[in-house]
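Visitor: Provide a 3D model corresponding to the input given below.
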Amino acid sequence: MRSGVIKPVLFLLALTLACAAPQLLAKKKEKIADTGMTEQKRAVHALNRLTFGPRPGDVERVMAMGVDKWIDLQLHPEKISQSAVESQLAPFRTLRMSSREMAEEFPDNPMVRQVMDGKRPMPSDPAKRAIYQVQIARILERKEAREERKAEAAPPAADTAKTGEQIAAAANPTGGAADTAKTQEELAAAAAASPDAMPATPAGGNSMNTGNASAASIGTAANGMSMAPSAENVSATTASAPMNDPEARRREERLYADLEVEKLLDLPPDQRYKKVLAMTPDQQVALADELRGGKGQDFLAGLDQKQKETLQAMNNPQGVITDELMQAKLLRAIYSERQLDEVMTDFWFNHFNVFIGKGADRVLLTSYERDVIRPHAMGKFEDLLVATAKSPAMLFYLDNWLSMGPNSMQVLGIPARPGPGGPYRYPPRGPNAKARQNSGLNENYGRELLELHTLSVNGGYSQRDVTEVAKVFTGWTIDKPNEGGEFRYDPRRHEPGPKSVLGHRIKPKGEDEGLQVLHMLATSPQTAHFISLKLAQRFVADDPPPALVDRMAKIFLKKKGDIREVLATLFQSSEFWDESTYRAKVKTPLEFVASAVRAAGGEVDDAMPLARQLNNMGMPLYGAQPPTGYSMKAETWVSSSALLNRMNFALALTSGRVRGVKVDAMQLAGGPPAPSDPSLALAALEAKLLAADISKQTHDSIVAQTQGNSGPKPKPPDASMLAGLLLGSPEFQRR
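Guide: Residues are numbered from 1 along each chain as shown. I've put the predicted structure just below:
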């Protein structure tokens, strides 16, 4: 496309999308007069609702199999091979690690400090050791910087001397000059003394030698690798940086690192990696800082996944875990053949939301999705409810792991003693017993369990029920959460005595009290209605027909919360197949990004740029902070600015400007070569990207751009621009 028409295109595009915003929000109330959807429309509708969007050829494949048969297969994902997507996920080691393994291999600051203080051994594996060494060096560097700021804020030398005279005079009003001078010398010596002692060598015999390395020590690394640049590349000022000038020394380290990156890029990947492991911790810190951004991608090229993880972990250990989790979610959404299973895993994660940015949940979330949500996505709701209640990720997110009964042995400071009828009994409370401070009942989980997970905000419970449920779940805690610990029931934290929940008396049974309450909630008619409503909102409409929700709720109760049976009822309903539901749901940012890549037949080598696009669209993966998760309703995601962001992404995707994703727009347009007639290219793209289901307004707007590109010698159509306009169109925004 010529540069002269770029601005008109974008201007028209902005105008079109601004007009489209209310159109997207409006519900399609009109009823088409014919008897129902054609078979092609049924296939498109099923693919739009049960998957993250159709790929090229999917509509034809579903029609050949039969829409109903295809839906039944999606309801039984165990019958569908996952070999293709599993091969793509294989390099991500953290997806197969336990939370404890991740916490040890990709440590947070408390774990690093344990090694630093000698409370845990330094890993013997060179790669793991390098991660800890760099983090320890960073901690010491930050400490040094704090001390520098304190020193800068201290009074100047003249004031210090004056203060010394004043102190001396006050201490010895009759003393002479010799005593004053002595006091000044003592003050000067104290001011000059280093505030930090070098840490002891950590267990394992590995000397850190961090925080105070001289320029000479930086110049030579282990195994004879020189990091020193040539004289012409280093200024005299930097090269002669004094040892007692930390800022100058750090500038020198960064300069060496910058030059070293260029040298190491010329080495084969394996040698490059070995050289990095052979560096001193200070050199590794400088190198890691230098590798942030685009240069880091080039440096990591050719390394195997474990090597990449090690170098990435030098900058942000737990970022490796979260990055691989996000990439896996996108790759599954784009490539998995078990599409309904992926949609339901996303649905249930959002329903039982946990925020990835809360402390220990960075290492607990992988197991939460893998071991709690995914296996139960189409099973029994009660099993899923119990699994989430016992999940360390949920216990940490909603703080239930800290909750203690007001009259529990832990709070009252009463030691546990074995007794008849069980491993513990509660001694009589003495008249002088006092509760411990900073401990007590936490109602977060009890409230969200009733309001968001089961009954709904209008489910008929009271604040007293919230408090009683919170008491029931006291003692449900985690064994060392920051170290990836597992669920543990602690009877010493549990509130003794009976409870009353929703009019039901809960007898004192310890951990079983929680299981009783979960069963009661999972089998409640209010829960059946609430879960059915949310499923209908996801698959049918923002405001689904009440009659459909009621039928789904009856099946929920009859089949004891069997999610697969409830979904089957939904997909067989006349309401699901009503013409008014066709392309009536607005896609969330995740649905839009995944469907755009799928529709364009994109090849994803690196999914992180796609994850960053979702950040820009307001839906960071696993990034919903409130327990409500992300909204499924159009009003949350539709605005002119939001739609323009989507259009920008669509144009970038089809023009090859989204790093890590390849799209062949020319092939989509019927090439190569693309048809010389723009109308033929546009027709081919409309058929492949939208099943030729496009409004006259959108079609005419795009045609106007192709005509604007004509002249004395009309140029071939810009397939990437046409594809981007279609992916950003109002029609593609809906599913």
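Visitor: contacts only, for the nearest residue to residue 338 once chain neighbours are set aside.
Guide: Spatial nearest neighbour of residue 338, chain neighbours left out: residue 77 (3.9 Å); criterion: CB to CB, 6 or more residues apart in numbering. Where C-beta positions appear, they are placed from N, C-alpha and C, glycine not excepted. Residue 77 sits next to 338, 340-341, 378 when contact means CB atoms under 8 Å, 6 or more residues apart in numbering.
Visitor: so residue 460, which of the three states?
Guide: coil (DSSP: H, G, I helix; E, B strand; the rest coil).
Visitor: now a PyMOL select for only the buried ones of the contacts of residue 77.
Guide: In PyMOL, this line selects whichever of those come out buried by 16 or more other CB atoms under 10 Å:
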select buried, resi 338+340+341+378
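Visitor: how about the contacts of residue 77 in a markdown table, adding distance to residue 716?
Guide: Below are the contacts of residue 77 laid out as a markdown table (distance: CB to CB, whole Å):
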| residue | distance to residue 716 |
| --- | --- |
| 338 | 40 |
| 340 | 40 |
| 341 | 42 |
| 378 | 48 |
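Visitor: closest to residue 367 out of the contacts of residue 77?
Guide: Nearest to residue 367 among the contacts of residue 77 is residue 341, at 18.2 Å by CB to CB.
Visitor: hmm, that closest one is touching residue 378, no?
Guide: Yes. With contact taken as CB atoms under 8 Å, residue 341 and residue 378 are classed as touching, separated by 6.9 Å.
Visitor: how many neighbours does residue 283 have?
Guide: Residues contacting residue 283 under the criterion other CB atoms under 10 Å number 26.
Visitor: where does it sit, in terms of helix or strand?
Guide: Assigned by DSSP states H and E, residue 283 belongs to helix 281-290.
Visitor: packing partners of that helix?
Guide: The helices and strands touching helix 281-290, judged by 3 or more CB pairs under 8 Å, 6 or more residues apart in numbering; DSSP states H and E, are helix 126-153, helix 215-219, helix 246-264, helix 305-315.
Visitor: please parse this protein into its domains.
Guide: The chain breaks down into these domains under automatic domain parsing: 3-27+584-733, 88-156+242-335, 339-413+440-522.
Visitor: distance to residue 551 added to those domains, as CSV?
Guide: Listed next are those as CSV, based on distance: least, CB to CB, whole Å:
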stretch, distance to residue 551
domain 3-27+584-733, 20
domain 88-156+242-335, 29
domain 339-413+440-522, 17
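Visitor: those: which one's closest to residue 61?
Guide: So among these, domain 339-413+440-522 is nearest, using CB to CB, at 12.3 Å.
Visitor: between the helices and strands packed on helix 281-290, which has the poorest average model confidence?
Guide: The minimum mean pLDDT among these belongs to helix 215-219 (a mean of 30).
Visitor: what about residue 319, how many residues nearby?
Guide: Neighbours around residue 319, by other CB under 10 Å: 13.
Visitor: make that residue 456, sorry
Guide: Other residues close to residue 456 by other CB under 10 Å number 18.
Visitor: just say helix, strand or coil for it.
Guide: Per three-state DSSP, residue 456 ends up coil.
Visitor: grab the nearest non-local neighbour of it.
Guide: Nearest one to residue 456, counting by CB to CB, 6+ apart, is residue 530 at 4.0 Å.
Visitor: what is the host helix or strand of residue 274 packed up against?
Guide: Using DSSP H and E, residue 274 sits in helix 269-278. Packing partners of helix 269-278 (3+ CB pairs under 8 Å, 6+ apart): helix 126-153, helix 246-264, helix 305-315.
Visitor: closest one to residue 107 among the ones you listed?
Guide: Nearest of those (CB to CB): helix 126-153, 6.7 Å.
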